[in-house]
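1. Would you be able to build a 3D model of this:
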Amino acid sequence: MGIKRVSFIDCMRGFSLLGILLANLLIFQFGIVGKDEVRGLSQLDQGALYFLKIFVVDSFMPIFTLLFGFSLIKLVESIHRKGRKSRWVILRRSILVIYGVTIPLLILFINRKAKTTFIWAGILFVTSTMLLYGPSEVSMKQQQRIDTYIEKEGHTYVYGTFAETYDFRKHAEKPGMDDPLVYMANVIFGLVLHIPLFLVGMGLAKVRAFENMEQEKKWYMLGALLVPIGLLCKSLGLMENSFSPMFSIGGAMLLSLGYVCFAALQYKFWHTSIISQVFECVGKLSLTNYLMQSIICTTIFYGYGLGLYGKLGVFNGILLGLIIYSLQCVASFFYLTDCNIKCNTQKSI
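-> Predicted coordinates for the structure are as follows:
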C-alpha cells in the first residue's frame, strides 16, 4: 500500500482551512454583503482582491465538503466493522457539524455503488449550475437597499458592542432575504449546490481513493486539468452577464476538485516534509482551528476589539491571514506532539 490515506485527507483538511481563512477575511473586513461592493481600493488591493476571487473565494469550503463526504463513508465502514447500525450514530455525531443538515439526504447514497454516486453528483452539479443562469443586473431600488444594509453593517461592526454585533448578525435581514420563502429557497438551493461534492467525496471513499496514490496517478493528472478550467470559468464569472453566476459558482466547484487532484499528484514529493506534517496537524484539529479563526478575526476587526474593520486593506488582510494560520500551524503541531508524547509515556508505564 502507498502513502496513508488518512494523512493526505488530514493534510487537505488543514490546507482548506488556509483558503477558508483568506476568503473569510474579506467578510471580517468588509461584511457579508459589503465584500462584494468594495470600492476605492488601491491597485495593490485591487490586484489582491482579484487574486482572492479567482484562486480562493468559494473554492476551499467545497474541499471541506468533499472531505466530509469522504470521511462519512469511512465512519460508516468503521461502524459496520463493529457490527453496529450506522444511521443513528451518523445523525448523532453530526449534530454539532454544520453539514449535519445534509445527512438525511446523504444517507440515501451510503449503500449505493460508487458509480451511482458519481452519476448523481454529475447530474446534480449540471442541474444546479444551469439553474444559476439569469440576469445579474441590480435595480436602483435593490442597490439602495444594499447600500443601506452595508452602511448599517459597517456602523455596527465599527462602533457596536459585542451584544449589538451579535444581535445584528442574528436578526438583520440581508437584502433580498426578507421574504421567508425566498430565504428558505436560498438555503435549500445552497445545500443543493454543495451536495455534488459531498457525493464525490463519498464516491472516492467507496473506490478507496488516496490509498494507492502511485497507481491512481493517471486519475489525478486528469483531475488536475480542472484547475485551469476552474480558473478560466471563475475569470469569466467576473464579467457582468447572465452567465456570470454559472461560471463563478460552477468554476469554483471544479477548481476545488482540481486542487484536491493536483495536491494528490504532488503528495509523494512532499508527504514527508514538515509542511505536510503541519497541514496534517491543523487538519486533525480542524473544528478547533476554524472556530479560533472566527474568534481571532472578530476580535481584530470589530469595535469591541481592535476596531480595524475596513481599515487594513485586502493585501494586508492576506498577510494577516498568513500570520494567523502560521500561528495555528505552530500551536497545532506542538499540541499534538505533546499529546503523542504523553500518550506514549502512559503506554510505556
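
2. OK, contacts around S326?
-> Counting by CB atoms under 8 Å, 6 or more residues apart in numbering, S326 touches no other residue. For every residue, glycine as well, the C-beta is placed using N, CA and C.

3. Which residue comes closest to S248 once chain neighbours are left out?
-> Nearest non-adjacent residue to S248, counting by CB to CB, 6 or more residues apart in numbering: G237, 2.9 Å away.

4. Keeping just the C-alphas, turn stretch 209-222 into CSV.
-> Below are the C-alpha coordinates for stretch 209-222, written out as CSV (Å, rounded to 0.1, in the frame of the first residue of the first chain):
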residue,chain,number,x,y,z
ALA,A,209,-9.1,6.7,-3.4
PHE,A,210,-5.8,8.0,-2.0
GLU,A,211,-4.7,4.6,-0.7
ASN,A,212,-2.6,3.6,-3.6
MET,A,213,-1.7,7.0,-4.9
GLU,A,214,1.0,6.0,-7.3
GLN,A,215,-1.3,3.6,-9.1
GLU,A,216,-4.0,6.3,-9.2
LYS,A,217,-1.7,8.9,-10.7
LYS,A,218,-3.5,8.9,-14.1
TRP,A,219,-6.7,9.9,-12.4
TYR,A,220,-5.1,12.7,-10.5
MET,A,221,-3.5,14.0,-13.7
LEU,A,222,-6.9,14.1,-15.4
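
5. What mean pLDDT does it get?
-> For stretch 209-222, mean pLDDT is 88.

6. just for the chain, where's the confidence low?
-> Applying pLDDT under 70 to the chain picks out residues 1-6, 83-101, 136-138, 176-185, 187, 340-349.

7. Which residue would you name as the spatial centre of it?
-> Central residue of the chain (CA atoms, centre = their mean): M61, 1.0 Å from the mean position.

8. I figured that residue hits R13, correct?
-> No. Using CB atoms under 8 Å, M61 is not in contact with R13; the gap is 11.7 Å.

9. mind listing what's buried in the biggest helix by length in the chain?
-> Taking DSSP state H as the criterion, the chain has its longest helix at helix 314-348. For helix 314-348, a neighbour-count test (16 or more other CB atoms under 10 Å) marks 314-318, 320-321, 324-325, 328-329, 331-333, 336 as buried.

10. Could you do stretch 207-219 as well?
-> A209, F210, E211, M213, E216, W219.

11. with those residues in mind, which one is nearest to T288?
-> The shortest approach to T288 among the buried residues of stretch 207-219 belongs to F210, at 23.8 Å (CB to CB).

12. and the closest one, how far is that from L132?
-> From F210 across to L132, the span is 31 Å (CB to CB, to the nearest Å).

13. List the residues that contact the residue nearest to the centre of the chain.
-> S16, I20, A23.

14. Can you tell me which of these end up in helices?
-> Short answer: the contacts of M61 in helices (DSSP H) are S16, I20, A23.

15. Not counting its neighbours along the chain, what's nearest the last one?
-> Computed as CB to CB, 6+ apart, the closest residue to A23 that is not its neighbour in sequence is V57, at 4.8 Å.

16. rewinding a little: just put the contacts of M61 in a markdown table and tack on neighbour count and distance to R112.
-> Shown next, in a markdown table, are those (neighbours: other CB atoms under 10 Å; distance: CB to CB, whole Å):
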| residue | neighbour count | distance to R112 |
| --- | --- | --- |
| S16 | 27 | 26 |
| I20 | 22 | 29 |
| A23 | 20 | 32 |
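
17. From those, pick the one nearest L75.
-> The closest of these to L75 turns out to be S16 (CB to CB; 18.8 Å).

18. Spatially, which two of the buried residues of stretch 207-219 are the most separated?
-> Within the buried residues of stretch 207-219, E211 and W219 form the most distant pair, 12.6 Å apart (CB to CB).

19. For V126, the count of nearby residues, please.
-> When neighbours are counted by other CB atoms under 10 Å, V126 registers 12.

20. How is E173 assigned, secondary-structure-wise?
-> coil (DSSP: H, G, I helix; E, B strand; the rest coil).

21. That one and Y149, how far apart?
-> Separation of E173 from Y149 (CB to CB) stands at 8 Å.

22. do L25 as well
-> Distance from L25 to Y149, by CB to CB: 20 Å.

23. Between those two, which has more neighbouring residues?
-> Counted by other CB under 10 Å, L25 and Y149 do not tie: L25 has more neighbours, with 25 against 21.

24. host element of the more buried one?
-> helix 5-30 (DSSP states H and E).

25. packing partners for the helix or strand following that helix?
-> Using DSSP H and E, the helix or strand that directly follows helix 5-30 along the chain is helix 43-51. The helices and strands touching helix 43-51, judged by 3 or more CB pairs under 8 Å, 6 or more residues apart in numbering; DSSP states H and E, are helix 314-348.

26. Would you agree M221 is in contact with L265?
-> Yes. Contact criterion CB under 8 Å: M221 and L265 qualify, at 6.2 Å.

27. now the angle from the longest helix of the chain to helix 43-51?
-> Using axes from the mean of the first three to the mean of the last three CA atoms, to 10 degrees, one finds that helix 314-348 and helix 43-51 are set 60 degrees apart in direction.

28. coming back round to it: could I get the ones in helices among the contacts of M61 in JSON lines, plus columns for distance to S242?
-> Formatted as JSON lines, those follow (distance: CB to CB, whole Å):
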{"residue": "S16", "distance to S242": "31"}
{"residue": "I20", "distance to S242": "29"}
{"residue": "A23", "distance to S242": "25"}
